[in-house]
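**Student:** output the structure for:
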Amino acid sequence: MELRWITITTLLLAIGVILRMVSPNIGGISLNWNIVMYCLAILLCRPTIKQGFGIGLVSGIIAMMTSKAALPYANLISDPLAATICALMVNSNLFNIKKSKISLIPFIVVFITTFISGGTFVTLTKIFLQLPMNIYLYAMLPAVALVALLGAVAGQLLYLPAFKIFNAKLNKNDKQFSLHDINLNIPQGSFCVITGVNGSGKTSLILNIAGSKPAYLSEIITSKINIANIDILNTPPKKLNELIGVVMADYNAQLVTQTVGDEIAFSLEISGLNAQEIIKRRRELLASVGLSDKEDMPISALSGGQKQRLAIASIMAMNTPIIILDEPVAAIDPEGAKDIYNLLVNLNKRYNKTIIVTEHDLKYVLDIADQLCVIDNGHLAYSGNVDDCLKYMYEEKIYPEVIPLRWKIRYEIGDNHVNAK
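**Tutor:** This is a model prediction of the structure:
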């Protein structure tokens with residue numbers, strides 16, 4: 001999936017070259033298929049700004065080699081500039097406009113990108129060839145606008161077929177997915193639990209919170225996320241990486257060394273501590289997760305619960321104020337699950353860490369959570385205290401199967417005064 005954008009871009013640029021060669025030239029004006037195609041590639045793959053610049057540079061080289069214009073080298077400036085701005089527009093979701101439930105983003109993005117590229121090209125041509133201003137204003141720029149309009153129409157018509165073609169072979173877990181209406185506020189020092197059916201968007205949400213956008217996630221729109229006074233959606237990913245530690249469901253994949261002690265030392269070395277500080281801090285961390293006597297033990301000899309504790313300790317070594325765990329006890333026996341949550345409660349209360357977990361089995365967390373959230377089909381259906389959220393889930397039939405029986409009985413009899421705990 002990491003190289004998917006390269007494959008799609010290469011194919012679309014190749015198609016663009018062919019279409020540009022066979023397209024008719026009417027009155028000196030022809031549709032710029034190169035730009036249309038790299039816009040579609042950026043819309044489909046949402047590459048980074050740097051990757052967008054690379055796409056534009058490749059397109060510029062192709063255009064320079066095939067151009068019959070008086071100043072072909074201008075393509076080396078116009079296309080990289082336009083593709084970079086295109087990637088910026090797509091990644092920042094600037095144009096979320098719909099008409100009759102049809103997104104107009106392709107039309108807008110292709111038009112602006114083509115106009116920037118064409119406008120830059122004719123401006124450079126005017127300057128270097130010293131063309132008259134009236135030709136530039138009344139002939140060249142209007143022609144650019146017309147080409148941009150034609151390209152926008154083509155891009156709008158081709159986007160949906162292209163999306164279906166290039167996503168047809170993605171597996172279930174890699175299909176394009178969007179998050180929307182995530183209006184979430186988690187105070188500093190809270191213990192928040194996020195639940196929802198498989199595929200509802202829990203993992204996508206926590207990865208976004210941590211500053212790591214999964215490849216299958218197309219966008220997150222009409223949302224505002226504030227955690228521990230951090231405006232998540234307006235904070236650079238690099239900064240989020242420094243503030244938020246994540247333990248994924250496959251915690252084994254996060255353990256990279258041979259022994260327990262080396263695993264903690266590795267995280268501490270990344271933090272820039274010297275040797276003496278590492279030794280002292282390592283002992284403290286292992287003691288805090290109940291692994292004091294395991295420092296020299298191979299990680300492969302640990303139980304599932306012990307590996308989970310080690311993964312948590314390695315995140316604690318980074319000293320982030322926020323710790324997120326994706327289904328932390330999914331592969332652990334009930335006794336080990338209780339121990340993990342006791343550890344998390346201790347981190348929450350003793351060290352004032354903001355803890356966020358995704359969970360299906362709510363019996364472990366209902367007595368300790370300050371906040372319960374339920375995700376439904378990519379949006380935050382409800383967020384509040386445990387009792388209010390469970391009642392909402394029960395009444396709205398949103399993932400009601402995870403509601404413990406004692407709460408269901410309470411809601412069935414209409415008793416709002418008995419403490420279900």
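
**Student:** how about stretch 401-409 as CSV, C-alpha atoms only?
**Tutor:** What follows is stretch 401-409, C-alpha atoms only, in CSV (Å, rounded to 0.1, in the frame of the first residue of the first chain):
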residue,chain,number,x,y,z
GLU,A,401,-24.8,-6.3,22.0
VAL,A,402,-21.9,-5.1,24.0
ILE,A,403,-24.1,-3.5,26.7
PRO,A,404,-23.8,-5.6,29.8
LEU,A,405,-26.9,-7.4,30.9
ARG,A,406,-27.3,-5.5,34.2
TRP,A,407,-27.6,-2.2,32.2
LYS,A,408,-30.0,-3.8,29.7
ILE,A,409,-32.3,-5.0,32.5
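
**Student:** ends of stretch 249-262, how far apart?
**Tutor:** 22 Å (CA to CA, to the nearest Å).

**Student:** what's the answer for stretch 217-230, then?
**Tutor:** Span of stretch 217-230 from end to end, CA to CA: 22 Å.

**Student:** where exactly do the strands run in the stretch 101-250 of the chain?
**Tutor:** Under the criterion DSSP state E, counting those that start in this stretch, the stretch 101-250 of the chain carries strands at the ranges 102-103, 177-180, 183-186, 191-195, 217-221, 224-227, 230-231, 244-247.

**Student:** which secondary structure elements does the helix or strand containing residue 392 contact?
**Tutor:** For residue 392, the host element (DSSP states H and E) is helix 386-396. In terms of contacts (3 or more CB pairs under 8 Å, 6 or more residues apart in numbering; DSSP states H and E), helix 386-396 is packed against strand 371-376, strand 379-384, helix 405-412. C-beta here means a position set from N, CA and C on the backbone, and glycine is covered the same way.

**Student:** could you redo the last one with a cut-off of 10 Å?
**Tutor:** In this structure, helix 386-396 packs against strand 191-195, strand 371-376, strand 379-384, helix 405-412, with contacts taken as 3 or more CB pairs under 10 Å, 6 or more residues apart in numbering; DSSP states H and E.

**Student:** got the contact list for that helix?
**Tutor:** 193, 195-196, 362, 365-374, 376, 381-385, 398-404, 407-408, 410-412, 416, 419-421 (CB atoms under 10 Å, 6 or more residues apart in numbering).

**Student:** closest to residue 299 out of the helices and strands packed on helix 386-396?
**Tutor:** Taking CB to CB, strand 191-195 is the member of the helices and strands packed on helix 386-396 nearest to residue 299, at 27.9 Å.

**Student:** can you check the pLDDT for residue 94?
**Tutor:** Predicted confidence (pLDDT) for residue 94: 64.

**Student:** all helices of the stretch 251-400 of the chain, in order?
**Tutor:** 260-270, 275-288, 304-316, 334-350, 386-396 (DSSP state H, counting those that start in this stretch).

**Student:** out of the ones you listed, which one sits most buried?
**Tutor:** helix 304-316 (a mean of 22; mean count of other CB atoms under 10 Å).

**Student:** what about residue 301, how many residues nearby?
**Tutor:** Here the count is done by other CB atoms under 10 Å, and residue 301 has 11 residues near it.

**Student:** mind checking how far it is from residue 384?
**Tutor:** 43 Å (CB to CB, to the nearest Å).

**Student:** circling back: weed out the non-buried ones from the contacts of helix 386-396.
**Tutor:** The neighbour-count test (16 or more other CB atoms under 10 Å) applied to the contacts of helix 386-396 identifies 193, 195-196, 362, 365-366, 368-374, 376, 381-383, 398-399, 402-403, 407, 410-411, 420 as buried.
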